[in-house]
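Colleague: Need coordinates for the below:
(chains A and B)
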Amino acid sequence: MMQRDQCFEALKKVRGDAVIVSRYSAAFDWGAIDPSPLNYFGIGAMGQCSSYALGMALGMPGHKIIVLDGDGSLLMNLGSLVTIANVAPPNLFHFVCENGVYEVNGGHPIPGQGRVRFTDFARGAGYPHVFEFDDLATFTAEIPRVLGLRGPVFATLKLVAANAEEVDFGKLNSADARRQFKEAIRPFLQRGREAGRTAPV
Amino acid sequence: MKRVPGMTGELLGPRGVEIIAALKMARVEFVAALPDVWTSMGFLWPLAQDPDLRLIRVCKEDEGVSICTGLAFCERRSVLSMQYTGFLDSVNSIRGTAVNYNQPVCMLIGLLGKEPGVAPGDSKRYDIRITQGVLDVMGIENVTVEGSEDVALIPPGIERAYETARPFAALIGRTVRA
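Modeller: Just a heads-up that it's a prediction; the model follows:
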């Protein structure tokens, strides 16, 4: 089992200019570790992180979109695995932080805690590349290769449950955060248009 | 029951090709959808064959709300096509994403079973009636598309959604013809 913040430190080193879409516990940790404007915090409706990311992967073809999903969140939107696998965006990388609990909601266990295999869901849905990491050294060594694959890629990060800390939902939820994100991706959208990959609204 | 202002009350619904043309006029590139009996044959099947629009088949409608949101961030236009049951099931996503986050999520909502020429809010069917009521309570602009002439309401609604960063819904009040 790994610590979430240590995993994220390893991911930060190879992130490059990828867009990171995260939610709740993962968003709080990721925002502290790598506070880039290229982070999108999908707090609006629980479970929707992977679907926001699919929209972005379609909207920014050629640009890496990395999802830091939660186990409880993904359980709310399991169909998104099938939708994503069916669309098969080559630039989408879907990580699920499996700590087995609803961390910010009192630490209650997720249904099927310890028995659910998210990798089985992803494989069955049709993701071409599926991984499970429970050791930091292996994850750190493998992550560059994983992010070099043609997506969609799915990986479960087996994590120890952390204690929920006081978090600033307001900041992650703010219109300012969304405006900064939109401004941050604009140059990439422009480059994509110049390369003929996208069209303006 | 009062008749819908601006509606002809004709027995014929809009044509799918007209709706597809309206989406193109509004510079829509993507359609996220779940099949709906009301729109399936006339709209969704032709759309699936259209090379200018990309159909994203979703497993559940709230996925579509979020997919359209992600696309909007990337300055790409999209609509979500679904039955009213899917809209009602997605209310939390629409609240959290489209309304609270000011996102131009545009929806085509099939009102399966609505009486011809009757405003959705005046339908005798509870489920039809509350669909428009929920949209109104949420402050979501909506228009009713009952016949071919109402299809013209769709492009300006989509334009306004993207100009104002607010959601928009077109309620499809009749079976869409091929």
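Colleague: Residue 68: which element?
Modeller: Just so you know, I chose chain A. strand A:65-70 (DSSP states H and E).
Colleague: My question was about chain B, not that one.
Modeller: Taking DSSP H and E as the criterion, B:Cys68 maps to helix B:61-73.
Colleague: B:Pro155 too?
Modeller: Using DSSP H and E, B:Pro155 sits in helix B:154-164.
Colleague: How about the helix or strand following that helix and chain A, touching?
Modeller: Counting by DSSP H and E, the next helix or strand C-terminal to helix B:154-164 is strand B:168-172. No - Strand B:168-172 stays clear of chain A (Cβ under 8 Å from any Cβ of the partner chain), getting no nearer than 14.3 Å. For the C-beta atoms, the positions are set from N, CA and C on the backbone; glycine is no exception.
Colleague: ok, back up a step: residues contacting the helix holding B:Pro155, please?
Modeller: Residues from elsewhere that reach helix B:154-164, judged by Cβ atoms under 8 Å, 6 or more residues apart in numbering or on different chains: A:201, B:19, B:22-23, B:25-26, B:28, B:72, B:77, B:79, B:104-106, B:108, B:141, B:143, B:145, B:166-168, B:170.
Colleague: and that helix, how far out from the chain's middle?
Modeller: How far helix B:154-164 lies from its chain's middle: 12 Å, per Cα atoms, centre = their mean, to the nearest Å.
Colleague: For the following helix or strand past the strand holding A:Leu68, C-alpha coordinates in CSV please.
Modeller: Downstream of strand A:65-70, the first helix or strand assigned by DSSP H and E is helix A:71-76. Extracted in CSV, the C-alpha atoms of helix A:71-76 (Å, rounded to 0.1, in the frame of the first residue of the first chain):
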residue,chain,number,x,y,z
ASP,A,71,-12.9,4.8,-5.5
GLY,A,72,-16.2,6.0,-4.0
SER,A,73,-16.5,8.5,-6.9
LEU,A,74,-15.9,5.9,-9.6
LEU,A,75,-18.4,3.6,-8.0
MET,A,76,-21.0,6.3,-8.7
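Colleague: what is the residue sitting nearest the centre point of chain A paired to in the beta sheet?
Modeller: Relative to the mean C-alpha position of chain A, the nearest C-alpha, by Cα atoms, centre = their mean, is the one of A:Val67, at 1.6 Å. When assigned by DSSP bridges, A:Val67 has beta-bridge partners A:Val21, A:His94.
Colleague: Can you give me the pLDDT of it?
Modeller: In this model, A:Val67 is scored at 97, pLDDT.
Colleague: That one and A:Ala53 touch, don't they?
Modeller: Yes - contact criterion Cβ atoms under 8 Å: A:Val67 and A:Ala53 qualify, at 4.3 Å.
Colleague: what sits in contact with each of those two?
Modeller: Residues touching both A:Val67 and A:Ala53 (Cβ under 8 Å, 6+ apart): A:Val21, A:Leu92, A:His94.
Colleague: what angle sits between the helix holding B:Pro155 and strand B:168-172?
Modeller: Per axes from the mean of the first three to the mean of the last three Cα atoms, to 10 degrees, the angle that helix B:154-164 makes with strand B:168-172 is 160 degrees.
Colleague: Would you mark the buried spots in helix B:154-164?
Modeller: For helix B:154-164, a neighbour-count test (16 or more other Cβ atoms under 10 Å in any protein chain shown) marks B:Ile154, B:Pro155, B:Gly157, B:Ile158, B:Glu159, B:Ala161, B:Tyr162 as buried.
Colleague: Kindly reformat these as CSV containing pLDDT.
Modeller: Shown next, in CSV, are those (pLDDT from 0 to 100):
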residue, pLDDT
B:Ile154, 98
B:Pro155, 98
B:Gly157, 98
B:Ile158, 98
B:Glu159, 98
B:Ala161, 98
B:Tyr162, 98
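Colleague: Relative to chain A, which of the residues you listed is nearest.
Modeller: Nearest to chain A among the buried residues of helix B:154-164 is B:Tyr162, at 6.0 Å by Cβ to the nearest Cβ.
Colleague: what's the neighbour count on the residue lying closest to B:Ser123 once chain neighbours are set aside?
Modeller: Take B:Ser123 and drop its neighbours on the chain: the residue closest to it by Cβ to Cβ, 6 or more residues apart in numbering or on different chains is B:Arg129, 4.8 Å away. For B:Arg129, the count of nearby residues is 18 (other Cβ atoms under 10 Å in any protein chain shown).
Colleague: that's a helix at B:Arg129, yeah?
Modeller: Yes - judged by DSSP: H, G, I helix; E, B strand; the rest coil, B:Arg129 forms part of a helix.
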